[in-house]
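J.: Structure for the following, please:
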Amino acid sequence: MFSWDESQATLVNPQPTYELELTKTSVLNNVLRLDGQPRFLISTVDAAAAITKITDLSTNQLLVTIRRRALLPDDIKFTYHYDGEAVKMKEWLREEQSEDGHTQWMIDTPMGSYIWRIQVTLRLSLCPINDIDNPIAWVKHETPTSPITALVLKRGTESFMDEILAGFLILELKLRMKEKEMTKAFGWNANKRYVLGTMYADTGNFNRRQ
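T.: Reported below is the predicted structural model:
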């Protein structure tokens, strides 16, 4: 697994979370900073914007390759998981319905199974399947409609941080596309806070209007 340099985190009275600060608004091309230093590179440089890569800038190691394909299923490849082989996106990030009818996405990691949820307060959060009220990762922003400023992760997630980053990028892009569709549906002059607010149920999902 890629190394996590503890010298980049505070060792005296260590914080319970890491904050990976986004330097841009884009989820396709960005640099995530840890304690002010560039740590992860998100790059999508092909003309079709179909291939996104995540690189650990501390080692220049490629961690993840995400491929969005028109005729074949989307796939994802982790350098340090699944024997380095590409797996189908829908098999790695499994979409399902919660008991209350909301869409969520499950992943299986070396530390157990987790669920990605869309919520009003945290926007996107990743929770243990048996403890969905205590997320281990979530996005940081001022309001549900304001730009994301960081991805926050609890300590203990280092062994599958690459999978958390990949899930965040995929679902944040999906969420932004859905927001764009709904903004168009409501009209370009519609109040954005109202339009996007209708995407969330009380538990935080954009199925509310169905």
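
J.: Could you identify the longest helix within this protein?
T.: The longest helix of the chain (DSSP state H) is helix 161-186.

J.: Can you point out the buried residues in stretch 96-103?
T.: Within stretch 96-103, the residues that qualify as buried by neighbour count (16 or more other Cβ atoms under 10 Å) are residue 102. For every residue, glycine as well, the C-beta is placed using N, CA and C.

J.: Only C-alpha atoms, please: export that stretch in PDB.
T.: Output in PDB follows, covering the C-alpha atoms of stretch 96-103 (Å, rounded to 0.1, in the frame of the first residue of the first chain):
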ATOM      1  CA  GLU A  96     -28.500  -0.100  -3.800                       C
ATOM      2  CA  GLN A  97     -31.600   1.200  -2.000                       C
ATOM      3  CA  SER A  98     -31.700   1.800   1.700                       C
ATOM      4  CA  GLU A  99     -34.700   0.600   3.800                       C
ATOM      5  CA  ASP A 100     -36.300   4.000   3.400                       C
ATOM      6  CA  GLY A 101     -35.900   4.000  -0.400                       C
ATOM      7  CA  HIS A 102     -32.900   6.200  -0.800                       C
ATOM      8  CA  THR A 103     -30.000   5.500  -3.100                       C
END
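
J.: who touches residue 75 in this structure?
T.: Under the criterion of Cβ atoms under 8 Å, 6 or more residues apart in numbering, the neighbours of residue 75 are 67, 69, 86, 87, 88, 89.

J.: Please indicate which of the residues you listed has the highest neighbour count?
T.: Counting neighbours by other Cβ atoms under 10 Å, residue 89 leads those with 19 neighbours.

J.: residues touching that one, list them.
T.: By Cβ under 8 Å, 6+ apart, the contact list for residue 89 reads 66, 73, 74, 75, 76, 170.

J.: So which of the residues you listed belong to strands?
T.: With DSSP state E as the criterion, strands contain 66, 75, 76 from among those.

J.: mind giving me JSON lines with the residues you listed and columns for pLDDT and distance to residue 94?
T.: Putting those into JSON lines (pLDDT from 0 to 100; distance: Cβ to Cβ, whole Å) gives the following:
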{"residue": "66", "pLDDT": "97", "distance to residue 94": "16"}
{"residue": "75", "pLDDT": "97", "distance to residue 94": "14"}
{"residue": "76", "pLDDT": "98", "distance to residue 94": "13"}
